[in-house]
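Asker: When you get a sec, could you give me coordinates for this:
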Amino acid sequence: HHRITCFEFADGLNNLSTLITNGTVPNADYTAVPNILERTDLDIYYQKVSKAFATIPDTSGDPANDQIQARVEENRIAGPISDEYRVLQITRNGQTATAVTVDEFDNPRDHGFSVGVNINVSGVTGSTGPSSEVDASTFNGSFIVTSTPTGSTFTYQLSSVPTGNAVGSNITVKTEIDTVDSASPYAFNLSLRSVWGMNGMHADGSKATGFKSMVVAQFTGLSLQKDDRAFVRYNASTGNYDAAVAGDGAHLDGFAEYRKGWAHEHIKCSNDSFIQAVSVFAVGYGTHFTALSGADMSITNSNSN
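Answerer: Below you'll find the model as predicted:
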């Protein structure tokens, strides 16, 4: 249980067959649900929600045919991180504009955009076509990313068909952060009780894009650890720590310490994620708050013992 967490991002990347292979999910008979082995954790979540509301019209329990299903880029939290990128060129194909982002040396630069992100393009002074001045206003402005063929290219739709490709010596694109299109998961008024070291919340930034944040308030966790194998004892005669075995009462020994990798955590963030925690209380955890690999927390009115 010290590897089980109540709340964390669903990455929507690994299908059930991969999770079974990795040992994350038990290898059992799931044939009751057609094609479930090809579905990701996010797909399965919506399948469950859809089945629960099967009495709603157009809802059959199959996400592929239902109105209840994942949104595009559901893993984007609170919009993209604001930044500005230099654009080397913008070509047109009808009303579709394709832009290439580069660094100061004209090498391809990953923009981090995803479908649905609001952007602002500026710096286009004209085009290679006969209506150069009019085309400039067509390429410039606020748009929505419609596709990202590669990490350094993206497309957006123009209001009209320009007469040529964009021209400009200082074309830039920036994300528009004034949006409420998505929001941080908000866990509120919760209690957790476990005697096998269950974790509380983990915001893993590698599973989300954008601000990568979670918000939690009034979350009290009482998570003890009765698995003796989770502990080690210091051996004064050898100077080493000896691993405890099941049934030897190490979980009752005040001098025992957590074995490396076995301590459970109440609130954890990693990989550039962010958690705002208010009134979060922990009893019996290995650690109350843990921040790793560039992660950050804002903590208010919290206590542990």
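Asker: When you work out contacts or count neighbours from here on, use the C-alpha atoms and nothing else.
Answerer: Noted.
Asker: State whether Leu292 and Asn271 are indeed in contact, as I suppose.
Answerer: Yes: here Leu292 lies in contact with Asn271, judged by C-alpha atoms under 8 Å, at a distance of 6.6 Å.
Asker: Between these two, which has more neighbouring residues?
Answerer: Taking other C-alpha atoms under 10 Å, Leu292 and Asn271 do not tie; Asn271 has more neighbours (18 against 13).
Asker: So the more buried one sits against Asp296, correct?
Answerer: No: in this structure Asn271 lies outside contact range of Asp296 using C-alpha under 8 Å: 9.4 Å.
Asker: which residues does the nearest residue to Asn170 once chain neighbours are set aside contact?
Answerer: Sequence neighbours aside, Gly123 is the residue nearest to Asn170 in space, at 5.4 Å (criterion: C-alpha to C-alpha, 6 or more residues apart in numbering). The contact partners of Gly123, by C-alpha atoms under 8 Å, 6 or more residues apart in numbering, come to 140, 168-172.
Asker: any idea of the pLDDT on Gly123?
Answerer: Note for Gly123: predicted pLDDT of 97.
Asker: repeat for Ser137
Answerer: For Ser137, pLDDT reads 96.
Asker: show me what contacts it?
Answerer: Val124.
Asker: Keeping just the C-alphas, turn the host helix or strand of it into CSV.
Answerer: Assessed by DSSP states H and E, Ser137 sits inside helix 132-139. Once non-C-alpha atoms are left out, helix 132-139 reads as follows in CSV (Å, rounded to 0.1, in the frame of the first residue of the first chain):
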residue,chain,number,x,y,z
SER,A,132,1.3,42.1,-48.7
GLU,A,133,-0.1,44.7,-46.4
VAL,A,134,-3.5,43.0,-46.0
ASP,A,135,-1.9,39.6,-45.5
ALA,A,136,0.2,41.0,-42.6
SER,A,137,-3.0,41.6,-40.6
THR,A,138,-4.3,38.2,-41.5
PHE,A,139,-1.2,36.4,-40.1
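Asker: So what touches the next helix or strand along the chain from that helix?
Answerer: Per DSSP H and E, the first helix or strand lying C-terminal to helix 132-139 is strand 141-150. Outside strand 141-150, the residues that touch it by C-alpha under 8 Å, 6+ apart are 113-122, 154-157.
Asker: Format the CA atom coordinates belonging to strand 141-150 as CSV.
Answerer: The C-alpha coordinates for strand 141-150 follow below in CSV (Å, rounded to 0.1, in the frame of the first residue of the first chain):
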residue,chain,number,x,y,z
GLY,A,141,-3.5,38.3,-34.1
SER,A,142,-4.9,35.9,-31.5
PHE,A,143,-5.6,32.3,-32.6
ILE,A,144,-6.0,28.8,-31.3
VAL,A,145,-3.5,26.0,-32.1
THR,A,146,-5.2,23.5,-34.3
SER,A,147,-2.3,20.9,-34.6
THR,A,148,1.3,20.3,-33.6
PRO,A,149,2.9,18.2,-36.3
THR,A,150,6.3,18.4,-34.5
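Asker: Quick one: low-confidence residue ranges for the protein.
Answerer: Low-confidence segments of the chain (pLDDT under 70): 1-2, 52-82, 177-182.
Asker: Now with 90, please.
Answerer: 1-84, 111-118, 175-186, 205-213, 254, 261, 304-305 (pLDDT under 90).
Asker: And the helices in it, which stretches?
Answerer: Using DSSP state H, the helices of the chain run over 16-21, 41-52, 132-139.
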